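[1] Take a look and give me a structure for this.
(2 chains)
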Amino acid sequence: MISRDDVVGFIYREARLLDEQRFDEWLDLFTEDGRYWMPLEHGQTDRRLTASLMDEDMLLLRIRVERLNGLRTYSQKPKSRCHHVLQQPQIDVFDPDAGRMSTWTAMHYVETRQERQDLYAAWATHDLTVANCALRIRMKRVDLVNCDAAFGNIQLFP
Amino acid sequence: MTGRYRDNPDAVRALVRESEVHRDVYTCPEIFALEMERLFANTWVYVGHESQVLNAGDFFTTTIGSQPVLMVRHEDGVVHVLYNRCPHKGTRIANETCGNTGRFLRCPYHAWSFRTDGSPAAVPLPSGYDDTGFAGSVASRGMTPVRCVHNYRGFVFARMADGGPSFDAYFGESLSSIDNMVDRSPAGRLQVAGGVLRYMHNCNWKMLVENQTDTCHPMVAHMSSAGTAVDLWKRAGEPMPRPMAVEIFAPFISPYEFYEKMGIRTWDNGHGHTGVSHSIHSNYSAVPGYFDQMVAAYGEQRAKAILDESRHNTVYFPNLMVKGPIQLLRLFKPLAADKTLVESWTFRLVDAPDLLLERTLVYNRLINAPTSVVGHDDVEMYERAQEGLRADANPWVSLHRLYHPNEAAFAIDNGTTERQMRNQFRAWARYMG
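    Just a heads-up that it's a prediction; the model follows:
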């Protein structure tokens, strides 16, 4: 049975997989219809007719992960690294019997490459479900606090 | 400020050879300052779209070169472009990207107020200015307008200098690309929609403009993204219909022959476009209902002619690119010799199905966002060039590809020529030298 501690631990583990660049294991955390969404607007509700910074289904996430290791991926020579600092995830919905759990996590995200290091502040919202007795991500939404600012490259996953 | 170039037009002109340019055009702060004064002041530069200021009092703040301006609709419906500065102390008056200011623009510092054509409306305690010389000063005239403003089918351009070529003489036949984009709406109208993607680049703005007609880079620089997308789709057994993302990515890695045959057309004053016969946008899936709407609006023959046009990227010199077939516009805003803000704007075709806007937004996100796997490799190339140009071994950048002596301004040529880049630099030298 899924506990509240399991949910919180899952969110920490997800960030750790990203920080350790274990991207294939990270992809396995998503359901097949899972999504990673980074809105462009503060408080954005629409994904279809409003632009987003990222709105990735599993195909697009796999393209990103495979590309990161490509021999001719010039923007990853040398590679980027990232670092997440999470506040304690707060559980907003906890209904494992119905397969519905939702968390809200404030975080700082650092992405670095060569001489450059960028700091982003964000709120992550995870909509989780249970598949084969394990927690899985149906939607990870990352709201950058300054989502409407002009950015340089964001190459990994906040 | 004195320097190598300001008082030496010969030296400026010598930076542009027939088929080479000197690195200083990309790296030298003095040249950048001269570009702001000479190039961006004397050419017609895109400001914004009228749908951003639909109602009287609506405003939109932006820049022309280095100059802060606002575009605002006056009560008589005319769109004005004003320098965004209070004539009193210089305070920026409109501080948000867009909004409605009512009948007046009011400075938040001392409450000087202005009508939306820039003319002065009121100053508190006006008697304090009696016999002070204020009445004859520039400040008394209100917010300074950019006098030369032209609204072409909703696209608002401005020329900061009072003298110079007319709008029509400057753009000429190149306006056919804007026409085609607007004509794709059954109502003949566009609306800015979906939100703007803003992407910061540590490189010179001209590198981006050149890239718009650089057809020898996609199959190299974008193999990592578009090639991976196609690989994954193939390994999945080529499911049909192709996902929209695959449909958008796949043409990037078309072979050289595809790009050679698509053709490049150049016009005078540095304008030109890729995709004379076809482009990466030619084979997108049909959108249900759209063609019928177009036939109803234009008749079958004209509707086909509009939709058969598949121009890839049209460069409006100096710093605008328009993609008619997917209703997208990119503005390359120069911030410094080595810093450029790229804004990618999208448009709704009024009265056309939502799916067209949806596809435009997917394209913009996949290709032009700071999170884009295509954009990442483009930026990498520009920024490496900005760094690499420090090498003293050879101060010249090659634009030789398919060069022939005595190139005419107007031409249709092999799609892999660097002719449009040479065309841009010839215009550049005329305005700068």
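[2] Where is the longest helix in chain A?
    Counting by DSSP state H, the longest helix found in chain A is helix A:4-19.
[3] How far off centre is whichever helix or strand comes after that one?
    As assigned by DSSP states H and E, the chain's next helix or strand after helix A:4-19 is helix A:23-27. In terms of Cα atoms, centre = their mean, to the nearest Å, the centre of helix A:23-27 is found 11 Å from the chain centre.
[4] Tabulate the CA atom coordinates of helix A:23-27 in PDB.
    Taking C-alpha atoms only, helix A:23-27 is exported to PDB below (Å, rounded to 0.1, in the frame of the first residue of the first chain):
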ATOM      1  CA  PHE A  23      17.600  10.000 -17.400                       C
ATOM      2  CA  ASP A  24      16.500   6.500 -18.600                       C
ATOM      3  CA  GLU A  25      15.400   5.700 -15.100                       C
ATOM      4  CA  TRP A  26      13.800   9.100 -14.800                       C
ATOM      5  CA  LEU A  27      11.700   8.400 -17.900                       C
END
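[5] in that helix, what counts as buried?
    A:23, A:26, A:27 (16 or more other Cβ atoms under 10 Å in any protein chain shown). To be clear about C-beta, it is placed using only N, CA and C from the backbone, and glycine gets the same treatment.
[6] Give me the helices and strands touching it, please.
    Judged by 3 or more Cβ pairs under 8 Å, 6 or more residues apart in numbering or on different chains; DSSP states H and E, helix A:23-27 is in contact with helix A:4-19, helix A:58-68.
[7] Give me the contacts around that helix.
    With Cβ atoms under 8 Å, 6 or more residues apart in numbering or on different chains as the test, helix A:23-27 has contacts from A:14, A:17, A:18, A:58, A:61, A:62, A:65, A:68, A:157.
[8] hmm, 10 Å instead?
    A:13-18, A:20, A:34, A:58, A:61-62, A:64-66, A:68-69, A:137, A:156-157 (Cβ atoms under 10 Å, 6 or more residues apart in numbering or on different chains).
[9] Need the buried ones from those residues selected in ChimeraX.
    Written as a ChimeraX command, the selection of buried residues from the contacts of helix A:23-27, which uses 16+ other Cβ under 10 Å, is:
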select /A:14,15,17,18,34,61,62,64,65,66,68,137,156,157
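[10] The contacts of helix A:23-27 also near chain B: which ones?
    Among the contacts of helix A:23-27, proximity to chain B is found for A:62, A:64, A:65, A:66, A:68, A:69, A:156, A:157 (Cβ under 10 Å from any Cβ of the partner chain).
[11] residue contacts, the nearest residue to the second one once chain neighbours are set aside?
    Beyond its immediate neighbours in the sequence, the residue positioned closest to residue A:64 (Cβ to Cβ, 6 or more residues apart in numbering or on different chains) is residue B:373, lying 6.1 Å away. For residue B:373, the contacting residues are A:60, A:63-64, A:67-68, A:73, A:75, A:155, B:222, B:224-226, B:228-229, B:249, B:366-367, taking Cβ under 10 Å, 6+ apart as the criterion.
[12] Residue B:110 now?
    By Cβ under 10 Å, 6+ apart, residue B:110 lies in contact with B:86, B:88, B:89, B:91, B:123, B:124, B:125.
[13] I'd like to know which of the residues you listed are buried.
    Among these, those buried by neighbour count (16+ other Cβ under 10 Å) are B:86, B:123.
[14] Show me which residues of the stretch 251-400 of chain B are close to chain A?
    B:333, B:335, B:341-346, B:348, B:354-355, B:357-358, B:360-362, B:364-366, B:368-373, B:375-381, B:383-384.
[15] Please type out the ChimeraX selection for whichever of these turn out to be buried.
    The ChimeraX selection below is limited to those of those classed as buried (16+ other Cβ under 10 Å):
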select /B:333,335,341,342,343,344,345,346,348,355,357,358,360,361,362,364,365,366,368,369,370,371,372,373,375,376,377,378,379,380,381,383
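[16] just checking, what packs against the longest strand anywhere in chain A?
    What stands out as the longest strand in chain A, according to DSSP state E, is strand A:116-131. Counting contacts by 3 or more Cβ pairs under 10 Å, 6 or more residues apart in numbering or on different chains; DSSP states H and E, strand A:116-131 packs against helix A:4-19, strand A:30-39, strand A:81-86, strand A:90-95, strand A:100-113, strand A:134-144.
[17] Mind doing that once more with 6 Å?
    For strand A:116-131, the packing partners by 3 or more Cβ pairs under 6 Å, 6 or more residues apart in numbering or on different chains; DSSP states H and E come out as strand A:100-113, strand A:134-144.
[18] Which residues are in contact with residue B:205?
    Shown in contact with residue B:205 (Cβ atoms under 6 Å, 6 or more residues apart in numbering or on different chains): B:332, B:334, B:340.
[19] from these, which single one is nearest residue B:431?
    The nearest member of the contacts of residue B:205 to residue B:431, counting by Cβ to Cβ, is residue B:334 at 13.9 Å.
[20] and that closest one, what are its bridge partners?
    With beta bridges defined as DSSP bridges, residue B:334 has these partners: residue B:340.
[21] how near is it to residue B:9?
    Per Cβ to Cβ, to the nearest Å, residue B:334 is found 21 Å from residue B:9.
[22] residues of the helix or strand in which residue B:330 is found that come out buried?
    Per DSSP H and E, residue B:330 falls inside strand B:328-336. For strand B:328-336, a neighbour-count test (16+ other Cβ under 10 Å) marks B:328, B:329, B:330, B:331, B:332, B:333, B:334, B:335 as buried.
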